[in-house]
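Q: A predicted structure for the sequence below; I have some questions about it.
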Amino acid sequence: MTLLSKLIGRDAIALSSAVTTGTVTGIALDGDHIVNVKLSDTTIDAGAVRSFAGDVLTYDDLFANHSGGGSAATDPRGTRVIDMHGDLLGVIADLTLSGAGRVENIILDTGDTVAGERLRVIGSYAAIITVDLPPPTGSPVR
């Protein structure tokens, strides 16, 4: 696992040429999955990335589907986190990411963590997470 704060600013290396092609500046998420990575002046599909956990970000540039856009790929740190009821839980301080590009945990500015699987979307206003329901207790009522 790696922290988003360690991924941002990391060099990106194309595997076909071993050349630095930019620096990671943001990510785009679909739920808890990274789908795009914003480099200095391009965006690549996350499916081309070999691992998000190395010293540099290596990717197969033959399958990267470069694009000049990438407005959806951002650095989500500083985004408020609300649950589906609209309750503010805190602000994203960092994310822990698996080598495969999944958000394992959302680290809030309060010091609390939220399981990444609860993340539904990050938009311009907030990150929305599912409501954490307590586990059922006792026997079912008959």
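A: All right, it came through fine.

Q: the strands in this structure, which residues?
A: Counting by DSSP state E, the chain has strands at residues 2-3, 11-14, 19-23, 26-30, 33-38, 43-45, 49-51, 57-59, 80-83, 88-97, 103-108, 113-115, 119-122, 127-129.

Q: which of the ones you listed sits closest to A72?
A: In terms of Cβ to Cβ, the element of the strands of the chain nearest to A72 is strand 26-30, at 4.4 Å. Backbone N, C-alpha and C define where each C-beta goes, glycine included.

Q: contacts for that closest one, please.
A: Contact partners of strand 26-30, identified using Cβ atoms under 8 Å, 6 or more residues apart in numbering, comprise 4, 7-8, 34-38, 43, 46, 70, 72-76, 103, 119, 121-122.

Q: between it and strand 103-108, how big is the angle?
A: The directions of strand 26-30 and strand 103-108 differ by 110 degrees, with axes from the mean of the first three to the mean of the last three Cα atoms, to 10 degrees as the criterion.

Q: tell me the angle of strand 26-30 relative to strand 33-38?
A: Put simply, strand 26-30 runs at 150 degrees to strand 33-38, going by the same axes, to 10 degrees.

Q: so where's this protein shaky on pLDDT?
A: Within the chain, the segments meeting pLDDT under 70 span 64, 66-71, 132-142.

Q: domain assignment for it?
A: Per the record, the chain has its domains at 2-63, 80-129, by automatic domain parsing.

Q: that's all I had, so thanks and see you.
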